[in-house]
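Asker: What would the 3D arrangement of this be:
(one chain, ligands or ions: 1)
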Amino acid sequence: MEKLKQELRIEQGDFIAYELAQTKDYFRTLIATIISQNTNEKNTYRAFGELERRIGVECAKLSQTDVQKIAEAIKPAGLYAQKSQAIKSLALFLMENYGCQIELLLKQGPEKVKEELGKIRGIGSKTIDVLLANYGYPVLPIDTHVKRTSIRIGLAPPGSYEKMQAHLHKVFSPEKRLEAHLYLIKLGRTFCLPRNPKCNVCPVSALCCYYKNKPQK
Ligand code: SF4
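Answerer: This is a model prediction of the structure:
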């Protein structure tokens, strides 16, 4: 982690969910995380901005908005049919069960949050964990970058989401897990690219199993 923090900077525009969580608006944090599924940060910002402009990223408004209109607004992020349905279902669920106050659910602990939000189609383990981590629970969400970098470095063997997370939770202490999530993503975007990782200039190459076992040219 220290190596990564020396070389990489978390900047404005890198993580929309993390930025929104700084305002303590966890509904917006979760909506941004849903929009960010399978797309990059730039498209997520665009789609989130459109949703804000056309409808407003508020639980009460979204619960009353036609799903088609939500889909139109978030088009720049792709998979908009699936994501708009998840957003609408989430808003309705929170409206009916928590009076649109997501904190009332979050305060009940990670297991309850997983149980409740896990019932909504289109909201999976990673999305829920991003919400939990940004709220302050000690979980390390695993997205595609965290998965790839962790396996290559040798922090966790390939496996199910739960198994990989259990490994990573042993590696990173509770207070370091959100930071580890952010920096491993940044590593994956900057050096540890899916096809051609830039191992020769990577700050953690000395610690990396993939690099050690890579035939040197
Ligand atoms: S040395 Fe290469 S494979 Fe290892 S983390 Fe860095 S970029 Fe990824």
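Asker: Write out the residues of the protein neighbouring the ligand.
Answerer: When proximity is defined by Cβ under 6 Å from any ligand atom, the chain lies next to the ligand at 149, 152-153, 191-192, 197-199, 202, 204-205, 208, 210-211. Quick note: C-beta positions are derived from backbone N, CA and C, even for glycine.
Asker: Pull out the buried residues from those.
Answerer: Among the residues of the chain next to the ligand, those classed as buried by neighbour count (16 or more other Cβ atoms under 10 Å) are 149, 152-153, 191-192, 197, 199, 202, 204-205, 208, 210-211.
Asker: Export those residues to a markdown table and append columns for pLDDT.
Answerer: What follows is these, written out as a markdown table (pLDDT from 0 to 100):
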| residue | pLDDT |
| --- | --- |
| Thr149 | 98 |
| Arg152 | 97 |
| Ile153 | 97 |
| Phe191 | 96 |
| Cys192 | 97 |
| Pro197 | 96 |
| Cys199 | 96 |
| Cys202 | 95 |
| Val204 | 95 |
| Ser205 | 95 |
| Cys208 | 96 |
| Tyr210 | 96 |
| Tyr211 | 95 |
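Asker: Residue nearest the middle of the chain, spatially speaking?
Answerer: Val130 (4.5 Å; Cα atoms, centre = their mean).
Asker: mind listing what that one touches?
Answerer: With contacts defined as Cβ atoms under 8 Å, 6 or more residues apart in numbering, Val130 is in contact with Ala17, Thr29, Thr33, Pro141, His181.
Asker: which two from those end up farthest apart in space?
Answerer: Of all pairs drawn from these, the greatest distance, 13.7 Å, lies between Thr29 and His181 (Cβ to Cβ).
Asker: Have a look at those two and say which one is more surrounded.
Answerer: Neighbours of Thr29 and His181, each counted by other Cβ atoms under 10 Å, are more numerous for His181; the result is 25 against 22.
Asker: Pro141 is in contact with that one, correct?
Answerer: Yes: applying Cβ atoms under 8 Å, one finds His181 in contact with Pro141, separated by 5.3 Å.
Asker: Which neighbours do those two have in common?
Answerer: Where contact means Cβ under 8 Å, 6+ apart, the residues bridging His181 and Pro141 through contact with each are Val130, Ala133.
Asker: Gln12: neighbouring residues, count only.
Answerer: Considering only other Cβ under 10 Å, Gln12 is surrounded by 6 other residues.
Asker: all strands for this structure, in order.
Answerer: Assigned by DSSP state E, the chain shows no strands.
Asker: Helices along that one, start to end?
Answerer: Read by DSSP state H, the chain holds these helices, from start to end of the chain: 2-7, 16-21, 26-35, 41-54, 59-63, 67-73, 80-98, 102-106, 110-117, 125-135, 144-153, 161-171, 177-190, 209-213.
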